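Enquirer: Any chance you can model this:
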Amino acid sequence: MRGIFTLFRKELGDHFSSVRFLIISALIVMVGVIIASMAGMGIQEEAKGAAKPTLLFLWLFTSTGKLFSFVQFIGFFGPLIGIFLGFDSINRERVSRTLSKLASQPIYRDSIINAKFLAGVTIISIVLVAIILIISGLGIRLIGVVPGSEEIWRLAIYVITSILYVSFWLGISILFSVVFRSTATSALASLAVWIFFSFFVSLGAGTLANAIAPISESGTGVDREIVIRHERIQHTVSLFSPVTLYSDATSLVLNPMNQTTRPIAYALMGPLEKLSAARFQNPLPLSQSLLIVAPYLISIIAMTFLCFGVCYLVFMRQEIRTI
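Expert: Purely as a prediction, here's the structure:
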């Protein structure tokens, strides 16, 4: 651990003084405030003259409004934060010929990669916590509801999950920064992985489900067993994407009305059945939501540590004279 705190402070200073960090932070704050304002005004109109439902404060983050919800925004564009922070972390040092100087200092070599990852995670944490606090303050003013203890705990779990999720993409970008010498190549490779997991995995899951369990209407209607098998295959394949894992986890944490991440039975219901089920639906307590979402959280944690572990091994096995 020798020298890791010195390098950590140096990396934090580089991030805070960079124009890239200022642009990313400004864009996230701007979009977050716009989404929260639209959601808050929509909640204000819907709750006017009616009894305010429980856990109303969480609607600020899950309500889509006229655009999309804040949770959807972080789930789709959050990976770009990690990619922008780490795609040139190592090969930039190579180009400027400062990596060999760092490695020649009386510090452990793994302190370099550890400090860069920890500094990136710290920046991600600062940005996400700041925007959550801004949206919370704006929401309290707009809807006039102070969050309860359960809502605060759910928001805290959501923030931790989001930090781990974005840190996974930070590890991906640092890995490509270690593997490729060109910053442009590492950036393109990171974006290609993001596009693959965001779009092509879900498309592939639908295609595979249609090939294995195609849904076709017969004279007696749609076979429910085929529909269930189709949905199960599609959902199982899509879980290989961290985007799906994050979306399912956060939808359960921030929306206690969700009873499960697999809406198979819900897809089979008709309009009247859905309306009848909604009337008798009660929000899940936090402990039950955590039990359901625990496998998804563990998977995100495992993927984050696995990605950084591969990055760590690749960096440590590289020849010093070649870097």
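Enquirer: Strands along the stretch 1-150 of the chain, start to end?
Expert: Per DSSP state E, counting those that start in this stretch, the stretch 1-150 of the chain carries no strands over any range.
Enquirer: which regions of it lie under the pLDDT threshold?
Expert: Residue ranges of the stretch 1-150 of the chain with pLDDT under 70: 1-2, 46-54, 65-66.
Enquirer: got it, and the stretch 201-323 of the chain?
Expert: The stretch 201-323 of the chain contains residues with pLDDT under 70 at 216-223, 259-281, 319-323.
Enquirer: just the helices in it please.
Expert: Using DSSP state H, counting those that start in this stretch, the helices of the stretch 201-323 of the chain run over residues 201-212, 224-238, 242-254, 264-268, 271-279, 286-317.
Enquirer: Among those, pick out the one with the most neighbours on average.
Expert: Neighbour counts (mean count of other CB atoms under 10 Å) averaged over each of those peak at helix 242-254, with a mean of 24. Backbone N, C-alpha and C define where each C-beta goes, glycine included.
Enquirer: longest single helix anywhere in this protein?
Expert: Using DSSP state H to define each element, the chain has its longest helix at helix 110-143.
Enquirer: What separation do you get for S190 and G82?
Expert: Using CB to CB, to the nearest Å, S190 is found at 9 Å from G82.
Enquirer: Mutual contacts of the two, please.
Expert: W169, I172, S173 (CB atoms under 8 Å, 6 or more residues apart in numbering).
Enquirer: contacting residues for the residue lying closest to the last one once chain neighbours are set aside?
Expert: In space, and not counting its chain neighbours, S173 is closest to G86: 3.6 Å by CB to CB, 6 or more residues apart in numbering. With contact taken as CB under 8 Å, 6+ apart, G86 is in contact with K116, F117, G120, L170, G171, I172, S173, I174, S177, S190.
Enquirer: same thing with V19?
Expert: By CB under 8 Å, 6+ apart, no residues touch V19.
Enquirer: Likewise for T250?
Expert: Per CB under 8 Å, 6+ apart, neighbours of T250: V71, G75, Y158, T161, S162.
Enquirer: Can you name the residues that contact the last one?
Expert: Yep, that's S162 we're talking about. Applying CB under 8 Å, 6+ apart, the residues contacting S162 are I74, G78, L128, Y246, T250.
Enquirer: now the closest residue to the second one other than its chain neighbours: how far from R9?
Expert: Spelled out, it's G78. In space, G78 comes closest to V166 once its chain neighbours are excluded; the distance is 4.9 Å by CB to CB, 6+ apart. In this view, V166 and R9 are 22 Å apart by CB to CB.
Enquirer: quick one: which of the two has more around it?
Expert: Taking neighbours as other CB atoms under 10 Å, V166 and R9 compare with V166 leading, 27 against 12.
Enquirer: burial count for S241?
Expert: Neighbour count for S241, taken as other CB under 10 Å: 19.
Enquirer: Numbering from 44 from now on, please.
Expert: Sure, I'll start numbering at 44, so the last one becomes S284.
Enquirer: Could you measure from the closest residue in space to it that isn't next to it in sequence over to V280?
Expert: Of all residues not flanking S284 in the chain, V244 sits nearest, at 4.0 Å (CB to CB, 6+ apart). If you measure V244 against V280 using CB to CB, the figure is 7 Å.
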